[in-house]
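Participant: have a look at this prediction, sequence included:
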Amino acid sequence: MSNPQQLRYSKEHEWLSEPVDGVATIGITAHAADALGDVVFVQLPDAGDTVSAGDTCGELESTKSVSDLYSPVSGEVTEVNQDVVDDPALVNSAPFEGGWLFKVRLDPSGAPDDLLSADEYTAFATGN
């Protein structure tokens with residue numbers, strides 16, 4: 001699965017949509033979902049929580065392991081994808097569509113400068 005060009009990516013394997021009215025959507029990449037294996041449980045921040053770029057804000061549990069979820073940006077969580085909470089397998093089957101995790105109203109400082117383009121992330125994730 002290729003990485004959508006319109007998204008930005010973190011080195012912790014999260015993706016970030018272009019903000020709409022200051023709110024961006026966050027999920028994990030297909031590469032991360034594949035590495036995790038079958039996701040069976042997600043713990044996400046609650047709506048109203050404040051997240052900070054680079055800090056852990058939840059967990060993803062798979063049949064293989066438990067992995068921390070990091071926020072690629074700072075801001076206030078405005079929405080959590082209840083569909084993923086109810087059916088964690090969406091993270092594996094549709095990581096860039098129905099498997100998104102949460103939405104954040106970005107701090108005025110915006111997204112960090114170290115987010116990668118799709119091509120940069122692909123090179124990073126594949127070691128090329």
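Facilitator: On my side now, so go ahead.
Participant: spit out the contact partners of the residue most central in space within the chain.
Facilitator: Centroid-nearest residue in the chain, with Cα atoms, centre = their mean: Gly27, separated by 2.5 Å. Contacts for Gly27 were tallied using Cβ atoms under 8 Å, 6 or more residues apart in numbering; they are Glu14, Trp15, Val91, Pro95, Phe96, Gly99, Trp100, Leu101. C-betas here are computed from N, CA, C, even on glycine.
Participant: mind putting those in a markdown table, pLDDT, secondary structure and neighbour count included?
Facilitator: Shown next, in a markdown table, are the contacts of Gly27 (pLDDT from 0 to 100; DSSP: H, G, I helix; E, B strand; the rest coil; neighbours: other Cβ atoms under 10 Å):
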| residue | pLDDT | secondary structure | neighbour count |
| --- | --- | --- | --- |
| Glu14 | 96 | strand | 22 |
| Trp15 | 97 | strand | 28 |
| Val91 | 96 | helix | 26 |
| Pro95 | 95 | coil | 24 |
| Phe96 | 96 | coil | 20 |
| Gly99 | 96 | coil | 23 |
| Trp100 | 98 | coil | 22 |
| Leu101 | 98 | coil | 27 |
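Participant: with distance to Ser52 as added columns, please give those residues in CSV.
Facilitator: Formatted as CSV, the contacts of Gly27 follow (distance: Cβ to Cβ, whole Å):
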residue, distance to Ser52
Glu14, 13
Trp15, 18
Val91, 22
Pro95, 23
Phe96, 24
Gly99, 23
Trp100, 20
Leu101, 16
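Participant: give me the nearest residue to the residue nearest to the centre of the chain, chain neighbours excluded.
Facilitator: In space, and not counting its chain neighbours, Gly27 is closest to Trp100: 4.2 Å by Cβ to Cβ, 6 or more residues apart in numbering.
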